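Trainee: fold the following for me, if possible:
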Amino acid sequence: MFKKGFKTWCERASISTRRQLGLQSFDPIDLYKVAAIVEADIKYPKDVPGLDKKFLKILTEEDPDSWSAITIKIKQKIVIILNSAHTKARQMSSLGHELSHLIIGHPASKTGISADGLLITGFDRLQEDEAGWLSGCLLLPHDACQYIKKTKMDQSSAQRHYGISADMYTYRMNASGVNRLWTPKVSSIKAK
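Mentor: From the prediction side, this is the model:
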């Protein structure tokens, strides 16, 4: 369960980040520019120096659904590695999630290399949930959800406009409460 005020803080952080980039509260956000704000480099597995080709094949071809993204330090630089086998919308969701860990200030997970590839040895459910919530707010904040409804933007247009998946669209429209607020009222007039 989130601490009191966390969800409101996330919406405000989303708006504040947009303002830093010269955007309105309902504008789409370029997460690569957010990465620049938090001084994180974005890479793909093929860009990781010293990654064995065997591991690269596992991560991108043999088992690409086993991971989405990871944040590591390479020579004191924060690097977010995205799964290049995923769709662009899924990559943006993953990038938003990893950036959210940095924005919130979560400590990095401990990682190590096993015989099977990259292994995350530390995991905190609350931190993952917090990063998931903030990521949703960054990608599709409450104001953007309202903007979609006010302008009568259809779902596929909204997905393209904000660079999000159908799952993220549905999740945020429901989680933000906007779907509930904009549901047409059914008339209670009885037929004669």
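Trainee: shaky segments in the chain?
Mentor: 109-122, 184-192 (pLDDT under 70).
Trainee: and if we set it to 80?
Mentor: 49, 74, 108-123, 182-192 (pLDDT under 80).
Trainee: all helices of it, in order?
Mentor: Secondary structure of the chain (DSSP state H): helices at 6-20, 31-37, 53-57, 88-104, 125-139, 142-150, 155-162, 166-175, 178-181.
Trainee: nearest to residue 63 among these would be which one?
Mentor: The closest of the helices of the chain to residue 63 is helix 53-57. By CB to CB, the value is 9.4 Å. All C-beta atoms are positioned from the backbone trio N, CA, C, and that covers glycine.
Trainee: list the buried residues for that closest one?
Mentor: Buried residues in helix 53-57, counted by 16 or more other CB atoms under 10 Å: 55-56.
Trainee: now do the end-to-end distance for stretch 53-66.
Mentor: From its first residue to its last, stretch 53-66 covers 17 Å (CA to CA, to the nearest Å).
Trainee: follow-up on the earlier one: and the helices of the chain, which is most packed in?
Mentor: Highest mean neighbour count among the helices of the chain (mean count of other CB atoms under 10 Å): helix 88-104, with a mean of 21.
Trainee: show me what that helix is packed up against.
Mentor: Helices and strands touching helix 88-104, by 3 or more CB pairs under 8 Å, 6 or more residues apart in numbering; DSSP states H and E, are helix 31-37, strand 40-43, strand 69-74, strand 77-82, helix 125-139.
Trainee: turn those into CSV, columns for distance to residue 106.
Mentor: As requested, the helices and strands packed on helix 88-104 are exported to CSV (distance: least, CB to CB, whole Å):
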stretch, distance to residue 106
helix 31-37, 16
strand 40-43, 13
strand 69-74, 9
strand 77-82, 12
helix 125-139, 5
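Trainee: relative to residue 175, which of these is closest?
Mentor: Evaluated over the helices and strands packed on helix 88-104, closeness to residue 175 peaks at helix 125-139, with 6.5 Å, by CB to CB.
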